[in-house]
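> Would you be able to build a 3D model of this:
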Amino acid sequence: MNIPEPLVSISCITYNHARYIRQCLDGFVLQKTTFPFEVLIHDDASTDGTADIIREYEMKYPYIIKPIYEQENQWVKGRRGSAIFNFPRAKGKYIALCEGDDYWIDPLKLQKQVDILESDKNIGFVYSKFQLVNFDNMLIENYSTVSNQLFHSKTGYLLPSLLRNNFPQTLTVVFKKELLANFDKYYSYGYDWPLFIHICGKCKSVFLKDVTGCYRTNPNGMMASGTLKDVDNGGFTTLSGAFRAYLCGEYKVAPILDKLKINVYMYYRLSKGDIKDSVELENCVKSRLLYQLMRRMIFVWAFLLKKK
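Residues are numbered from 1 along each chain as shown. A predicted model of the protein is given here:
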(Lines give C-alpha, C1' and ligand atoms only; values in the text may rest on other atoms or scores of the structure.)
Protein backbone atom coordinates (compact mmCIF):
# COMPACT_ATOMS: atom_id res chain seq x y z
CA MET A 1 0.00 0.00 0.00
CA ASN A 2 1.37 3.38 -1.05
CA ILE A 3 0.96 5.73 1.93
CA PRO A 4 1.53 9.43 1.14
CA GLU A 5 4.03 11.37 3.24
CA PRO A 6 2.36 13.56 5.86
CA LEU A 7 2.47 17.31 5.44
CA VAL A 8 1.99 17.83 9.18
CA SER A 9 3.39 15.89 12.13
CA ILE A 10 1.40 16.31 15.35
CA SER A 11 3.63 15.92 18.41
CA CYS A 12 1.95 14.76 21.62
CA ILE A 13 3.74 13.99 24.88
CA THR A 14 1.78 12.31 27.66
CA TYR A 15 2.15 10.88 31.13
CA ASN A 16 -0.73 9.54 33.27
CA HIS A 17 -3.39 11.25 31.19
CA ALA A 18 -5.85 8.34 31.09
CA ARG A 19 -8.70 10.62 32.11
CA TYR A 20 -8.09 13.01 29.20
CA ILE A 21 -6.17 11.25 26.41
CA ARG A 22 -9.27 10.13 24.47
CA GLN A 23 -10.46 13.71 24.11
CA CYS A 24 -6.97 14.72 22.98
CA LEU A 25 -6.71 11.95 20.36
CA ASP A 26 -10.24 12.57 19.09
CA GLY A 27 -9.25 16.18 18.43
CA PHE A 28 -6.45 14.86 16.19
CA VAL A 29 -8.22 12.17 14.17
CA LEU A 30 -11.30 14.36 13.56
CA GLN A 31 -9.26 17.01 11.76
CA LYS A 32 -10.61 17.74 8.28
CA THR A 33 -7.71 18.41 5.92
CA THR A 34 -6.81 18.25 2.25
CA PHE A 35 -3.44 16.77 3.21
CA PRO A 36 -2.22 13.72 5.17
CA PHE A 37 -0.91 14.08 8.71
CA GLU A 38 0.61 11.85 11.35
CA VAL A 39 0.32 11.79 15.15
CA LEU A 40 3.56 11.14 17.04
CA ILE A 41 2.89 10.20 20.66
CA HIS A 42 5.44 9.72 23.41
CA ASP A 43 4.04 8.00 26.48
CA ASP A 44 6.54 8.37 29.31
CA ALA A 45 5.82 5.06 31.10
CA SER A 46 2.33 5.96 32.31
CA THR A 47 1.00 3.85 35.18
CA ASP A 48 -2.73 4.67 34.90
CA GLY A 49 -3.74 2.96 31.66
CA THR A 50 -2.90 5.81 29.29
CA ALA A 51 -0.85 3.47 27.08
CA ASP A 52 -3.78 1.03 26.73
CA ILE A 53 -6.01 3.81 25.41
CA ILE A 54 -3.34 4.92 22.94
CA ARG A 55 -3.07 1.32 21.70
CA GLU A 56 -6.80 1.34 20.90
CA TYR A 57 -6.32 4.36 18.64
CA GLU A 58 -3.14 2.89 17.16
CA MET A 59 -5.07 -0.19 16.09
CA LYS A 60 -7.94 1.88 14.67
CA TYR A 61 -5.70 4.42 12.88
CA PRO A 62 -2.45 2.51 12.19
CA TYR A 63 -1.27 4.91 9.47
CA ILE A 64 -1.85 8.00 11.60
CA ILE A 65 -1.13 7.14 15.25
CA LYS A 66 2.57 6.40 15.80
CA PRO A 67 3.39 5.98 19.49
CA ILE A 68 6.48 5.31 21.57
CA TYR A 69 5.79 3.44 24.82
CA GLU A 70 8.51 3.92 27.40
CA GLN A 71 9.14 1.19 29.97
CA GLU A 72 10.96 3.60 32.29
CA ASN A 73 10.14 7.25 32.89
CA GLN A 74 12.50 9.44 30.87
CA TRP A 75 11.62 12.77 32.48
CA VAL A 76 13.28 11.82 35.77
CA LYS A 77 16.40 10.88 33.80
CA GLY A 78 16.60 14.37 32.34
CA ARG A 79 15.42 13.34 28.85
CA ARG A 80 12.53 15.71 28.32
CA GLY A 81 10.17 17.00 25.69
CA SER A 82 9.13 16.55 22.08
CA ALA A 83 12.51 17.80 20.86
CA ILE A 84 14.08 14.51 21.95
CA PHE A 85 11.40 11.93 21.24
CA ASN A 86 9.11 13.22 18.49
CA PHE A 87 10.81 15.90 16.41
CA PRO A 88 13.62 13.63 15.10
CA ARG A 89 11.08 11.17 13.65
CA ALA A 90 8.67 13.77 12.26
CA LYS A 91 8.12 13.38 8.51
CA GLY A 92 5.97 16.46 8.01
CA LYS A 93 7.01 19.83 6.63
CA TYR A 94 5.17 21.35 9.60
CA ILE A 95 4.88 20.33 13.26
CA ALA A 96 1.81 20.88 15.44
CA LEU A 97 1.90 20.58 19.23
CA CYS A 98 -0.61 19.35 21.82
CA GLU A 99 0.03 17.61 25.14
CA GLY A 100 -2.06 14.67 26.31
CA ASP A 101 -4.28 16.55 28.75
CA ASP A 102 -5.16 19.36 26.32
CA TYR A 103 -7.39 19.07 23.25
CA TRP A 104 -8.50 20.70 19.99
CA ILE A 105 -12.09 21.77 19.40
CA ASP A 106 -11.87 23.12 15.84
CA PRO A 107 -11.86 20.33 13.19
CA LEU A 108 -10.39 22.82 10.69
CA LYS A 109 -7.55 23.92 12.97
CA LEU A 110 -4.73 22.31 11.00
CA GLN A 111 -6.17 23.29 7.63
CA LYS A 112 -6.49 26.96 8.62
CA GLN A 113 -2.96 27.13 10.01
CA VAL A 114 -1.31 25.27 7.14
CA ASP A 115 -3.10 27.51 4.63
CA ILE A 116 -1.52 30.51 6.35
CA LEU A 117 1.93 28.90 6.39
CA GLU A 118 1.70 27.96 2.72
CA SER A 119 0.58 31.46 1.71
CA ASP A 120 3.90 33.18 2.54
CA LYS A 121 7.37 31.64 2.73
CA ASN A 122 8.38 34.18 5.39
CA ILE A 123 5.73 32.89 7.81
CA GLY A 124 6.95 30.00 9.93
CA PHE A 125 4.86 30.08 13.11
CA VAL A 126 1.08 30.25 13.59
CA TYR A 127 -0.70 30.31 16.95
CA SER A 128 -4.27 31.05 17.99
CA LYS A 129 -6.79 31.84 20.68
CA PHE A 130 -7.65 29.12 23.17
CA GLN A 131 -9.92 28.46 26.13
CA LEU A 132 -8.98 27.55 29.68
CA VAL A 133 -10.83 24.60 31.23
CA ASN A 134 -10.70 22.66 34.50
CA PHE A 135 -10.66 18.91 35.18
CA ASP A 136 -14.35 18.59 34.33
CA ASN A 137 -14.07 20.53 31.05
CA MET A 138 -15.80 23.54 32.58
CA LEU A 139 -14.76 26.80 30.94
CA ILE A 140 -12.77 28.98 33.35
CA GLU A 141 -12.18 31.97 31.11
CA ASN A 142 -11.24 32.87 27.56
CA TYR A 143 -7.57 33.20 28.33
CA SER A 144 -6.70 34.48 24.86
CA THR A 145 -7.73 38.03 25.74
CA VAL A 146 -5.29 38.01 28.66
CA SER A 147 -2.39 36.30 26.94
CA ASN A 148 -2.19 35.93 23.17
CA GLN A 149 -3.72 39.21 22.06
CA LEU A 150 -1.86 41.24 24.66
CA PHE A 151 1.59 40.41 23.30
CA HIS A 152 0.89 39.82 19.61
CA SER A 153 3.23 41.81 17.38
CA LYS A 154 1.82 43.91 14.55
CA THR A 155 5.08 43.44 12.62
CA GLY A 156 4.85 39.65 12.88
CA TYR A 157 8.19 39.37 14.70
CA LEU A 158 7.61 37.93 18.16
CA LEU A 159 11.18 37.62 19.45
CA PRO A 160 11.29 40.88 21.49
CA SER A 161 8.04 39.96 23.26
CA LEU A 162 8.93 36.29 23.69
CA LEU A 163 12.10 37.16 25.57
CA ARG A 164 9.86 38.68 28.24
CA ASN A 165 6.80 36.41 28.18
CA ASN A 166 6.06 32.92 26.91
CA PHE A 167 2.57 33.75 25.68
CA PRO A 168 1.67 31.39 22.76
CA GLN A 169 -0.16 28.40 24.21
CA THR A 170 1.53 25.17 23.11
CA LEU A 171 -1.64 23.40 21.95
CA THR A 172 -2.36 26.18 19.42
CA VAL A 173 1.04 26.20 17.69
CA VAL A 174 2.02 24.96 14.22
CA PHE A 175 5.49 25.76 12.83
CA LYS A 176 7.92 24.91 10.03
CA LYS A 177 10.11 21.95 10.95
CA GLU A 178 13.16 23.35 9.16
CA LEU A 179 13.31 26.19 11.72
CA LEU A 180 14.43 23.69 14.37
CA ALA A 181 17.94 23.74 12.87
CA ASN A 182 20.68 24.47 15.46
CA PHE A 183 18.24 24.38 18.38
CA ASP A 184 20.52 21.99 20.31
CA LYS A 185 23.45 24.32 19.77
CA TYR A 186 22.00 26.95 22.11
CA TYR A 187 19.49 25.17 24.34
CA SER A 188 19.97 22.12 26.53
CA TYR A 189 16.34 20.99 26.66
CA GLY A 190 13.24 21.35 24.52
CA TYR A 191 10.20 22.67 26.30
CA ASP A 192 8.02 25.35 24.77
CA TRP A 193 9.65 28.68 25.72
CA PRO A 194 13.14 28.12 24.25
CA LEU A 195 11.52 26.32 21.34
CA PHE A 196 9.27 29.28 20.51
CA ILE A 197 12.11 31.77 20.92
CA HIS A 198 14.31 29.79 18.54
CA ILE A 199 11.63 29.41 15.88
CA CYS A 200 10.21 32.93 16.06
CA GLY A 201 13.70 34.41 15.94
CA LYS A 202 13.94 33.14 12.36
CA CYS A 203 10.56 33.95 10.84
CA LYS A 204 7.39 35.98 10.84
CA SER A 205 4.45 34.76 12.93
CA VAL A 206 0.70 34.99 12.49
CA PHE A 207 -1.95 35.07 15.20
CA LEU A 208 -5.15 33.22 14.23
CA LYS A 209 -8.09 34.83 16.02
CA ASP A 210 -10.17 31.63 16.07
CA VAL A 211 -10.41 29.58 19.28
CA THR A 212 -8.91 26.25 18.21
CA GLY A 213 -8.46 24.31 21.46
CA CYS A 214 -8.59 24.05 25.22
CA TYR A 215 -5.79 24.20 27.76
CA ARG A 216 -6.53 22.23 30.90
CA THR A 217 -5.35 23.53 34.27
CA ASN A 218 -3.57 20.69 36.02
CA PRO A 219 -2.26 21.23 39.59
CA ASN A 220 -0.07 18.16 39.17
CA GLY A 221 1.35 19.21 35.82
CA MET A 222 4.93 20.22 35.06
CA MET A 223 4.13 23.92 34.84
CA ALA A 224 2.14 24.06 38.05
CA SER A 225 4.68 22.04 40.02
CA GLY A 226 7.48 24.44 39.16
CA THR A 227 9.61 21.61 37.74
CA LEU A 228 10.32 23.39 34.48
CA LYS A 229 11.20 26.59 36.30
CA ASP A 230 13.74 24.70 38.37
CA VAL A 231 15.20 23.01 35.28
CA ASP A 232 15.54 26.38 33.56
CA ASN A 233 17.09 28.11 36.57
CA GLY A 234 14.22 30.57 36.73
CA GLY A 235 14.38 31.29 32.99
CA PHE A 236 18.03 32.32 33.02
CA THR A 237 19.24 29.28 31.09
CA THR A 238 16.80 29.97 28.26
CA LEU A 239 17.66 33.67 28.06
CA SER A 240 21.37 32.92 28.02
CA GLY A 241 20.88 30.55 25.09
CA ALA A 242 18.67 33.07 23.30
CA PHE A 243 21.21 35.88 23.72
CA ARG A 244 24.02 33.67 22.41
CA ALA A 245 21.98 32.63 19.38
CA TYR A 246 21.05 36.24 18.60
CA LEU A 247 24.62 37.50 18.92
CA CYS A 248 25.85 34.68 16.69
CA GLY A 249 23.47 35.82 13.94
CA GLU A 250 21.11 32.85 14.28
CA TYR A 251 18.04 35.06 14.48
CA LYS A 252 17.00 37.41 11.71
CA VAL A 253 14.86 40.17 13.22
CA ALA A 254 13.88 42.62 10.49
CA PRO A 255 12.49 45.81 12.05
CA ILE A 256 15.20 48.13 13.41
CA LEU A 257 13.08 48.97 16.45
CA ASP A 258 12.80 45.27 17.33
CA LYS A 259 16.57 44.89 17.13
CA LEU A 260 17.02 47.85 19.45
CA LYS A 261 14.51 46.38 21.92
CA ILE A 262 16.39 43.09 22.02
CA ASN A 263 19.79 44.72 22.48
CA VAL A 264 18.58 46.96 25.29
CA TYR A 265 16.83 44.05 27.00
CA MET A 266 19.96 41.89 26.83
CA TYR A 267 22.03 44.61 28.44
CA TYR A 268 19.34 45.23 31.06
CA ARG A 269 19.17 41.57 32.14
CA LEU A 270 22.95 41.25 32.25
CA SER A 271 23.39 44.50 34.17
CA LYS A 272 20.91 43.28 36.79
CA GLY A 273 22.99 40.15 37.28
CA ASP A 274 20.02 37.96 36.33
CA ILE A 275 21.95 36.01 33.75
CA LYS A 276 24.66 34.02 35.46
CA ASP A 277 26.84 33.67 32.39
CA SER A 278 30.35 34.40 31.30
CA VAL A 279 32.00 37.81 31.15
CA GLU A 280 32.48 37.09 27.46
CA LEU A 281 28.71 37.20 26.85
CA GLU A 282 28.31 40.44 28.79
CA ASN A 283 31.17 42.11 26.91
CA CYS A 284 29.71 40.91 23.63
CA VAL A 285 26.36 42.52 24.44
CA LYS A 286 28.00 45.80 25.41
CA SER A 287 30.05 45.79 22.20
CA ARG A 288 26.93 45.12 20.15
CA LEU A 289 25.09 48.06 21.72
CA LEU A 290 28.08 50.38 21.22
CA TYR A 291 28.44 49.27 17.60
CA GLN A 292 24.78 49.93 16.82
CA LEU A 293 24.88 53.29 18.58
CA MET A 294 27.89 54.34 16.51
CA ARG A 295 26.14 53.25 13.32
CA ARG A 296 23.13 55.41 14.19
CA MET A 297 25.36 58.40 14.96
CA ILE A 298 27.24 58.02 11.66
CA PHE A 299 23.94 57.76 9.78
CA VAL A 300 22.61 60.96 11.40
CA TRP A 301 25.93 62.75 10.77
CA ALA A 302 25.91 61.74 7.09
CA PHE A 303 22.30 62.83 6.74
CA LEU A 304 23.04 66.27 8.21
CA LEU A 305 26.08 66.73 5.95
CA LYS A 306 24.01 65.84 2.93
CA LYS A 307 21.40 68.47 3.83
CA LYS A 308 24.11 71.13 4.02
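
> What values do phi and psi take at the most centrally placed residue in the chain?
A centroid search over the chain (CA atoms, centre = their mean) returns Phe196, at 3.6 Å, as the residue closest to the centre. Torsion angles at Phe196 (phi, psi; degrees, to the nearest 10) stand at phi -70, psi -40.

> Touching, it and Asn165? I think so.
No. Phe196 is beyond contact range of Asn165, at 10.5 Å (criterion: CB atoms under 8 Å). In this view, the C-beta of every residue, glycine as well, is placed from N, C-alpha and C.

> Name the residues that touch stretch 172-182?
8-9, 83, 87, 90, 92-97, 110, 113-114, 117, 124-130, 148, 192, 196, 198-199, 202-203, 208, 212-213, 245, 250 (CB atoms under 8 Å, 6 or more residues apart in numbering).

> Mind splitting the protein into its structural domains?
Per automatic domain parsing, the structural domains of the chain span 8-237, 255-307.

> which one of those domains has the most crowded surroundings?
Using mean count of other CB atoms under 10 Å, the stretch among the domains of the chain with the largest mean neighbour count is domain 8-237, at a mean of 18.

> got the end-to-end distance for it?
30 Å (CA to CA, to the nearest Å).

> and that domain, what's its mean pLDDT?
The pLDDT scores in domain 8-237 average 87.

> Any idea how far that domain is from the middle of the chain?
7 Å (CA atoms, centre = their mean, to the nearest Å).

> now the strands for the protein?
Along the chain, counting by DSSP state E, strands occupy 8-14, 37-43, 65-69, 94-97, 103-104, 123-133, 139-141, 174-176, 204-216.

> who's in contact with the residue nearest to the centre of the chain?
By CB under 8 Å, 6+ apart, the neighbours of Phe196 are 125, 158, 162, 166, 168, 173.

> can you tell me which two in these are farthest apart?
For these, the maximum inter-member distance is 13.3 Å, found between Phe125 and Asn166 (CB to CB).

> Span of stretch 111-127 from start to end?
13 Å.

> Let me fix that, I meant to ask about stretch 217-236.
End to end - CA to CA - stretch 217-236 spans 25 Å.

> again, but for stretch 23-36
21 Å.

> can you list contacts of that stretch?
Residues contacting stretch 23-36 (CB under 8 Å, 6+ apart): 3-8, 10, 12, 14, 17, 37, 39, 53-54, 57, 61, 64-65, 98-105, 107-111, 114, 137, 213.

> let's see 7 Å
Contacts to stretch 23-36, defined as CB atoms under 7 Å, 6 or more residues apart in numbering, come from residues 4, 6-8, 10, 12, 37, 39, 57, 61, 64, 98, 100, 102-105, 107-111, 114, 213.

> next one: stretch 92-109
With CB under 7 Å, 6+ apart, stretch 92-109 has contacts from 6-14, 17, 20-21, 23-24, 27, 30-32, 37-38, 82, 87, 110, 114, 117, 170-171, 173-177, 210, 212-216, 218.

> Quick check: the gap between Leu110 and Tyr103.
14 Å (CB to CB, to the nearest Å).

> Please disregard the earlier target; I meant Ser9.
18 Å.

> Lys66 too?
Lys66 is 19 Å from Tyr103, by CB to CB.

> Was I right to think Phe125 contacts Ser205?
Yes. Under the criterion of CB atoms under 7 Å, Phe125 makes contact with Ser205 at 4.1 Å.

> contacting residues around the residue nearest to Phe175 when sequence neighbours are not counted?
In space, Phe175 comes closest to Phe125 once its chain neighbours are excluded; the distance is 4.6 Å by CB to CB, 6 or more residues apart in numbering. Contacts for Phe125 (CB under 7 Å, 6+ apart) come out as 175, 199-200, 203, 205.

> Throw those residues into a markdown table and include distance to Ser46, thanks.
Output for these, formatted as a markdown table (distance: CB to CB, whole Å):
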| residue | distance to Ser46 |
| --- | --- |
| Phe175 | 27 |
| Ile199 | 29 |
| Cys200 | 32 |
| Cys203 | 35 |
| Ser205 | 33 |
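
> from the contacts of Phe196, which is closest to Tyr265?
Leu162 (10.9 Å).

> what pairs with Lys176 across the strands?
Tyr94 (DSSP bridges).

> That one and His198, how far apart?
12 Å.

> Can you give me the separation between Phe28 and Tyr94?
14 Å.

> Ok, Thr47 next?
Counting by CB to CB - Thr47 and Tyr94 are separated by 33 Å.

> which ones are touching the closest residue to Trp75 other than its chain neighbours?
Counting by CB to CB, 6+ apart, Trp75 lies nearest to Asp44, which is 5.7 Å off, once chain neighbours are set aside. Each residue near Asp44 by CB under 7 Å, 6+ apart is listed here: 15, 70, 73-75.
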